[in-house]
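# pasting the structure only:
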């Protein structure tokens, strides 16, 4: 009696199905203990449903659906039943997961045994098994979507109007709406298809597959993030152009950086360092795919322990090449402040006029960060490097270039500033008197 109730309860889930007449007849056959007929009716409902769905997808220009429909039509044209050809083509194309392909194959085998003379008779257990599989995977409104839904999604992603603008928040909202139709079991196939399209797009920043992937990383789905980490960061095979979208993913979802470990992290560190080395400059508009954004992501993920031990090559190249970029000012509040200060100090010691002007602009812009992050001793050291390294520079000329605009340097220019060891002649120095920068001479004794 329990099996009969279960059959009827299952039917309630599919009673509005387009082929509900087959399903209702299957229930009646089951109740009449005509189990062979129940299996045959259930199988008819399943395969007619799948065939109809394939034709819909073909009409929607889903390429792999065309292959399946072609196999069905070829079987019918040659006078054969189409069910076997359908199962075979679905196995070949792998567009539905193995569990569903296996379920379809088992339903077909049960149908063949029930429809042809055999020594084994169909039982209530056999009929219930087929009916339950049919409702769960193919007939129920609550069943997981066929993986052809992913083909439709990929097609729609590349259509005009799917993404109204590239703002990550808006992309994330759109992606969240679409991904809600899929179960966790669908994620592997979805990520695999997105990965293929990314490779085809050669890492292009305008790749719609990349936009969708970044939207997925913005979602609150740990299982999905784990799959992405495994599929993209634990395997080799990307070209240097394609490596770029790994940067995008880590900037959008910094926890990916800590999910990678061992040799995979070493390889990723090498990849990111090459990416940073390859760029001539980083414009302010590059808010995602840039070594400075990547370095900011690293600092947010690896505050303790320090990121230098996690991605050392990336840190070194990014700081050396792009120390003056506005994205990196906040690094003065992190463990990397001493490393960043080192590069600023090295730049201050250059005698090139263009480098000096760049340094003036940088120090003026980052004055507040320097004030809160550096000690007075470091500020004085920076002042000495920029203004009076062994008196090799003309202080009047340097003052005229604009160093007097930097508030933090003004605060340490005083008569109390310690002389540099080794001066043996009259040495000029600068002090503030009101709003005027005054150049004075003083005799420094030999130490």
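All right, it came through fine. Treat the numbers as computed from the prediction; the structure is a model and nothing was measured.
# Could you look up the SS state of residue 345?
Taken by DSSP: H, G, I helix; E, B strand; the rest coil, the conformation at residue 345 corresponds to helix.
# Can you list the buried residues in stretch 162-179?
Residues of stretch 162-179 classed as buried under the neighbour-count rule (16 or more other C-beta atoms under 10 Å) are 162, 163, 168, 171, 172, 174, 175, 178, 179. C-beta here means a position set from N, CA and C on the backbone, and glycine is covered the same way.
# Test my guess that the fourth one contacts residue 213.
What that stands for is residue 171. No - with contacts defined as C-beta atoms under 8 Å, residue 171 does not count as touching residue 213, sitting 9.9 Å away.
# Do a quick rundown of the helices in the stretch 201-350 of the chain.
With DSSP state H, counting those that start in this stretch as the criterion, the stretch 201-350 of the chain has helices at 208-218, 222-228, 240-252, 255-259, 262-278, 291-301, 312-322, 337-348.
# any idea which of these scores lowest on pLDDT?
Summarising mean pLDDT across these, the least confident stretch is helix 240-252, with a mean of 75.
# How is this structure divided into domains?
According to automatic domain parsing, the chain comprises the domains 2-145, 147-233, 240-322, 331-447.
# Comparing those domains by mean pLDDT, which bottoms out?
Averaging pLDDT over each of the domains of the chain singles out domain 331-447 as the lowest, with a mean of 61.
# Show me what the host helix or strand of residue 174 is packed up against.
Following DSSP states H and E, one finds residue 174 within helix 168-179. Under the contact criterion of 3 or more C-beta pairs under 8 Å, 6 or more residues apart in numbering; DSSP states H and E, the helices and strands touching helix 168-179 comprise helix 208-218.
# As CSV, the buried residues of stretch 162-179 with distance to residue 115 would be great.
Written out in CSV, the entries for these read as follows (distance: C-beta to C-beta, whole Å):
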residue, distance to residue 115
162, 45
163, 49
168, 55
171, 51
172, 51
174, 47
175, 45
178, 41
179, 41
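# just curious, which of those residues is nearest to residue 379?
residue 168 (37.6 Å; C-beta to C-beta).
# contacting residues around the top helix by length along the chain?
In the chain, ranked by residue count with DSSP state H as the criterion, the top helix is helix 35-59. Outside of helix 35-59, the residues that reach it under the criterion C-beta atoms under 8 Å, 6 or more residues apart in numbering are 17-19, 22-23, 25-27, 29-30, 65-66, 68-69, 72, 82-83, 86, 104, 107-108, 110-111, 114-115, 121-124, 126-127, 130-131, 134, 138-139, 146, 148, 151-152.
# how much space between residue 116 and residue 109?
11 Å (C-beta to C-beta, to the nearest Å).
# So between the two, which is more surrounded?
When residue 116 and residue 109 are compared on other C-beta atoms under 10 Å, the one with more neighbours turns out to be residue 109, at 13 against 8.
# before we move on, which element is the more buried one in?
Residue 109 is part of helix 98-115, with elements assigned from DSSP H and E.
# Show me what the helix or strand just after that helix is packed up against.
The helix or strand immediately downstream of helix 98-115 is helix 124-134, counting by DSSP H and E. Judged by 3+ C-beta pairs under 8 Å, 6+ apart, the packing partners of helix 124-134 are helix 2-12, helix 20-31, helix 35-59, helix 98-115.
# and stretch 126-140, which residues are buried?
When neighbours are counted by 16+ other C-beta under 10 Å, the buried residues of stretch 126-140 are found to be 126-131, 133-139.
# ok, so of the residues you listed, who is nearest residue 291?
Closest to residue 291, out of all of the buried residues of stretch 126-140 and judged by C-beta to C-beta, is residue 137, at 47.1 Å.
# Now do the contacts for the residue lying closest to residue 340 once chain neighbours are set aside.
What sits nearest to residue 340 in space, not counting adjacent residues and going by C-beta to C-beta, 6 or more residues apart in numbering, is residue 331, at 5.0 Å. When the contact criterion is C-beta under 8 Å, 6+ apart, the partners of residue 331 are 295, 296, 299, 337, 340.
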